[in-house]
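Novice: Sequence unavailable; structure follows:
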């Protein structure tokens, strides 16, 4: 059972920079986390924190002028002889055959905007059959059967009819379901969902989250859920990675993150979000200032200009590193150890 | 001037508002149908209070808001507005020319802090435009007034010569608020003012809106889809579904003791930021109905867990089941529904 | 990054070329050294004369004279250079009288021959069948073609902005009507339409009248594209929240249009206009080339190229194809400039 204790995806010190005319944007600057089979990791953060670039880096689909410049992305794959092998995705050629087999095969991606990620000129069926054939080698009619089965699995009513429709003929919720079905076509072991419910209404969001949980239990998939919505994280995730301006500021089990947050940013963020359990018309504690533009990332700890626990001479001079504060929780803050 | 019915406590009273959009098709744009975006909506807002219009996309909340500021011409209904001169005017019937003096008393805050500011104008021009077109021609005075307004919303006046692209989403939203306040309005229609903002910035804007309300005795019509946000700002909440208000009540009552099954499921569907509260959620079947072809009877009946045969045929009326608590449901009195506590 | 830079550079080069050509338009009389219609059968289809710049160690440009005779076998005119006969050239020489910019009477030209003997002549680019100087004709043709392009685009712009603006701003039935007209106009194949219209021009019209009519004909199609651009911008801007905000602030319709909407699409219009111009020029050239546009004695690029229709003529006198060079150059230049402008027009562009 040694395999179960080992992460199927192990991201270590990932760095992805964008080399623009105006300067280098360190979109992801040292992100580390592990993903285990059948569990959900949430990557949370606000705009510019690098959560989406992290996902794209794992799949090596970072668009120019961005590039993975450092770190390792270890993916454990089950080989045919039962022996597990490990590949470092960070070293693969982003246009090579191997990463293309991994995309959609081992790791699948679900985007925020399903409309733009499903081809408008092909029926949903065409695209699904293609994916299924690519990753399973089935014949056309068998692949179509499986595609219909997939659509049924994600809760699309009358799948044998819907399979011949185009994406624009479906409502937002059904489109996101179709997108998920498309992603599941290659039976991935890891599903990366980038803001899968942000464009949806609350009642539809609840349906999609339920669906993801259900599918995870059934397929024993690992899910990497990327979101800015802490409510979604609390409902879905086992582990949480909090990011701010390209850095992981805190990492730990979901209960610890929500009930014993260590990093001032995590603490402030949790306190400042509007809650449905709040007293009517109460004011919220706020985080001062706004997120700096990635071009002018502050020196030292990127959160120091907004931090209530800012220690002059320490936080603005040194860059904190992610350190374990308990067996499962790690924080990147000088409150838990001087530089 | 007319309709003496409204009490002086109320700044705005909407009665039987309807807005139908006609659907044209084909080479000669033949009329083929209509979307009842707003279908018999009535509510009122007391001076100095906040009413939240809540619902999912396509429920008609934004159209309602735009009818009130007359960005859309209503198909039918009354929009009674008490002016600064303490007369009541029906905004729905006013011709465009008479609308202009009224416009300064009702202003809007927009959802998208990007498209709501003209990218080719400086903050001075943006915030100063309402002042300029309403007679403040002296540039010096206008600069001074814009500086005051920027300070009021927490921006440094030195920024006024800069263009919007130099600012973050939260700062732009502050600019939009300053522009809305420039003419001392009494009513502010805020259309999803924080939903495009980062979480850590939302709270700042919500607090700012509350401070300004207290300072200037502003009345807000707050349009939103996020029930958590709404709870922090509103005195009353009206929940809309497919063009109609299905429930309206004081905030506390609506959250703790909802009376409409749709309200219950909305409250239940909101993800709670606490992993220890992973309770059983009510997950509705199906999707929001198409307002071009709404279901018969109660519009909510195809998704309602408590549906009865009567719901399929008889459209329910909006009825008061407690003082100030209105529900559009045949079973409002008998059902005990789950709310969320504080 | 590099392609963006290069495209930008192309736009700059393009605009310089465009400016250069319109300078030629302004100074066409000055740059020409012979009246465009002056013909002489004795020197038809003469090859370009090379200018010799240095004489006796001094800069003193001259060309050699020539003698022409008819080949008794082929009946073709054959020219032989006469190295003993030097014809001196002068800068700012006196020549035929004209009015600079249509105002200032003068007879100065960029170059000219010294002396007034009739056999002392200069043909930088050779002559055509009727013995007319190609260089001078090319200068006048450039003027005609580019002015027709400009005039055509002005009419198209006026119609396009007016009708597109009405269409986009008022919407409803007016919009539908205008859009249908545009669709119908655009669905008619252009060449037959032009042919029909051009053929319908009365034969006894003066050059001026034909000139105007041709301009109208070619702008007839051009406006539809501009109208679509304007309408599209109006429609999308009308939905912009900052336009609604201005309306709520109490701004008048005129102010909203002039202060918020027009500045937002002015650059798009300029770009679209720049891209429409070469189409106008090509239209005139093709019409005239087919003999349906301007007719001699008017001179335009199309009229000049008409002489290059005959393969035989081309084989013997390839210089007749020279007028194609400015056509291609100016059209490329306009397209590069327009592309550059279009990219620059988007304030949120990459």
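Specialist: Perfect, thanks for sending it. If you're wondering where the values come from, they're calculated on a predicted model, not measured in any experiment.
Novice: low-confidence ranges in chain B?
Specialist: Within chain B, the ranges that satisfy pLDDT under 70 run B:1-6, B:27-29, B:342.
Novice: so who does the most centrally placed residue in it touch?
Specialist: The geometric centre of chain B, computed from its C-alpha atoms, lies nearest to residue B:223 (C-alpha atoms, centre = their mean), at 2.7 Å. Counting by C-beta atoms under 8 Å, 6 or more residues apart in numbering or on different chains, residue B:223 makes contact with B:52-53, B:61-62, B:64-65, B:189-192. (Glycine included, C-beta is placed from N, CA and C.)
Novice: Inside strands: which ones of those?
Specialist: Those of those mapping onto strands are B:52-53, B:189-191, per DSSP state E.
Novice: Of those residues, which is the nearest to chain A?
Specialist: residue B:52 (10.9 Å; C-beta to the nearest C-beta).
Novice: The closest one reaches residue B:234, doesn't it?
Specialist: Yes. In this structure residue B:52 lies within contact range of residue B:234 using C-beta atoms under 8 Å: 3.8 Å.
Novice: rewinding a little: partner strands of the one helix or strand the residue nearest to the centre of chain B maps to and their direction?
Specialist: Assigned by DSSP states H and E, residue B:223 falls within strand B:219-224. Strand B:219-224 sits in its sheet next to strand B:50-54 (parallel), strand B:187-191 (parallel), going by DSSP bridges.
Novice: Quickly find the element holding residue B:326.
Specialist: strand B:325-327.
Novice: quick one: strands adjacent to that strand?
Specialist: Sheet pairing here is set by DSSP bridges, and for strand B:325-327 it gives strand B:244-250 (antiparallel), strand B:319-322 (antiparallel).
Novice: and the residue nearest to residue C:10 when sequence neighbours are not counted, how many neighbours?
Specialist: Setting aside the residues directly before and after it, residue C:10 is nearest to residue C:336 in space (C-beta to C-beta, 6 or more residues apart in numbering or on different chains), at 4.4 Å. Residues lying near residue C:336 (other C-beta atoms under 10 Å in any protein chain shown) number 22.
Novice: Next, give phi and psi for residue C:336.
Specialist: Phi and psi for residue C:336, reported as degrees, to the nearest 10, are phi -60, psi -40.
Novice: quick one: contacts of the longest helix belonging to chain B?
Specialist: Longest among the helix segments of chain B by residue count, using DSSP state H, is helix B:199-216. Identification of contacts with helix B:199-216 by C-beta under 8 Å, 6+ apart yields A:46, A:228, A:230, A:268-269, A:272-274, A:281, A:283-287, A:290-291, B:48, B:50, B:152-154, B:168-170, B:173-174, B:177, B:181, B:184, B:190, B:193-194, B:197, B:218, B:220, B:229, B:232-233.
Novice: mind listing which of the residues you listed are in helices?
Specialist: Using DSSP H, these in helices are A:230, A:268-269, A:272, B:152, B:169-170, B:173-174, B:177, B:181, B:229, B:232-233.
Novice: ok, and the most crowded of the residues you listed?
Specialist: residue B:173 leads those on contacts (other C-beta under 10 Å) with 29 neighbours.
Novice: give the contact list for that one.
Specialist: Counting by C-beta under 8 Å, 6+ apart, residue B:173 makes contact with B:109, B:113, B:193-194, B:197, B:201, B:205.
Novice: Look up how far residue A:307 lies from residue A:190.
Specialist: According to C-beta to C-beta, to the nearest Å, residue A:190 stands 34 Å off from residue A:307.
Novice: let me redo that: residue A:35
Specialist: Using C-beta to C-beta, we find residue A:35 at a distance of 29 Å from residue A:307.
Novice: for residue C:196, same thing?
Specialist: Relative to residue A:307, and taking C-beta to C-beta, residue C:196 is found at 77 Å.
Novice: Among the two, which residue is more densely surrounded?
Specialist: Set residue C:196 next to residue A:307 and count neighbours by other C-beta under 10 Å: residue A:307 wins out with 21 against 12.
Novice: Now do the closest residue to the more buried one other than its chain neighbours, the pLDDT please.
Specialist: Among residues not flanking residue A:307 along the chain, residue A:264 sits closest, at 5.0 Å (C-beta to C-beta, 6+ apart). Confidence at residue A:264, expressed as pLDDT, is 95.
Novice: now swap in residue C:348 and tell me
Specialist: 48.
Novice: tally of neighbours for the residue of the stretch 51-200 of chain C found nearest chain B?
Specialist: Taking C-beta to the nearest C-beta, chain B has its nearest neighbour within the stretch 51-200 of chain C at residue C:176, 5.0 Å off. Around residue C:176 there are 15 other residues, counting by other C-beta under 10 Å.
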